[in-house]
Structures are given as structure tokens and as C-alpha cells.
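Undergrad: I need the structure of the sequence given here:
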Amino acid sequence: MPEPDRIQDFLRRLTPLARNNLLTELERLEACGSALPGCATVVEKLRTEFRKDGQPHRLDNPARYFFAPLEPRLVEESLRLLASLTG
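TA: Numbers count the residues shown, from 1 in each chain. Below you'll find the predicted structure:
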């Protein structure tokens, strides 16, 4: 594991956009259960910089966007099927 000063120096050299992208990717790995060992301090430091409350950013589910146009039709069909089954 690299020394903390070297990590802090590396983070300082990155642009704010690059630091934000790094935080997003580390949080994504964390959400998938593939967090890198020893990255907790980096994530914590970046969260304090970019998240006002220090909490992880909620990652949206892409499937919601994919199925959004179909949702009314799927709900309608589900209700119709349910009505036919119950009487």
C-alpha cells in the first residue's frame, strides 16, 4: 500500500473533475462488492470534498431508464391479467 503522503500528493495533482470521476468509480466498485483494499481513506477524503453530507452518491439503476417508456403498458397488462384471474 502506498504511503498516505504520496496518495494525498497524487490526489492534489488531479483536476477536480478527475477526483470526482475517481470517487464515482470507487463508489461503483464498492456497490458491486469489488472495493479495492485500502481505498476507504481515499473514498472518505473525496466524499468530504464532493458530498456535502459525506454520504455515498446514489447510483441510478439504468434498467429504470430503459423500461420507463414501457412502464404504463406493463402496468396496464398486469392489471388486466390480475382482473381476469380474480373474476
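
Undergrad: buried ones in the helix or strand of the chain with the lowest mean pLDDT, by neighbour count?
TA: Every helix and strand of the chain was ranked by mean pLDDT, DSSP states H and E. The lowest is helix 62-67, at a mean of 77. For helix 62-67, a neighbour-count test (16 or more other Cβ atoms under 10 Å) marks nothing as buried. Just so you know, the C-beta spots here come from the backbone N, C-alpha and C atoms, and that holds for glycine as well.

Undergrad: now swap in stretch 16-34 and tell me
TA: Neighbour-count burial for stretch 16-34 [16+ other Cβ under 10 Å]: 19, 22-23, 26-27, 30.

Undergrad: dump those into JSON lines; add secondary structure as well.
TA: Output for these, formatted as JSON lines (DSSP: H, G, I helix; E, B strand; the rest coil):
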{"residue": "Arg19", "secondary structure": "helix"}
{"residue": "Leu22", "secondary structure": "helix"}
{"residue": "Leu23", "secondary structure": "helix"}
{"residue": "Leu26", "secondary structure": "helix"}
{"residue": "Glu27", "secondary structure": "helix"}
{"residue": "Glu30", "secondary structure": "helix"}
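
Undergrad: for Arg80, state which of those is nearest.
TA: Of all the buried residues of stretch 16-34, Glu27 has the smallest distance to Arg80: 40.5 Å, by Cβ to Cβ.

Undergrad: distance check, that closest one against Ala83.
TA: According to Cβ to Cβ, to the nearest Å, Glu27 stands 43 Å off from Ala83.

Undergrad: please report how far Pro72 lies from Lys52.
TA: 36 Å.

Undergrad: sorry, slip of the keys, the one I care about is Arg12.
TA: For Arg12, the distance to Lys52 - Cβ to Cβ - is 21 Å.

Undergrad: show me where the chain dips below the pLDDT cut-off.
TA: 1-4, 53-60, 87 (pLDDT under 70).
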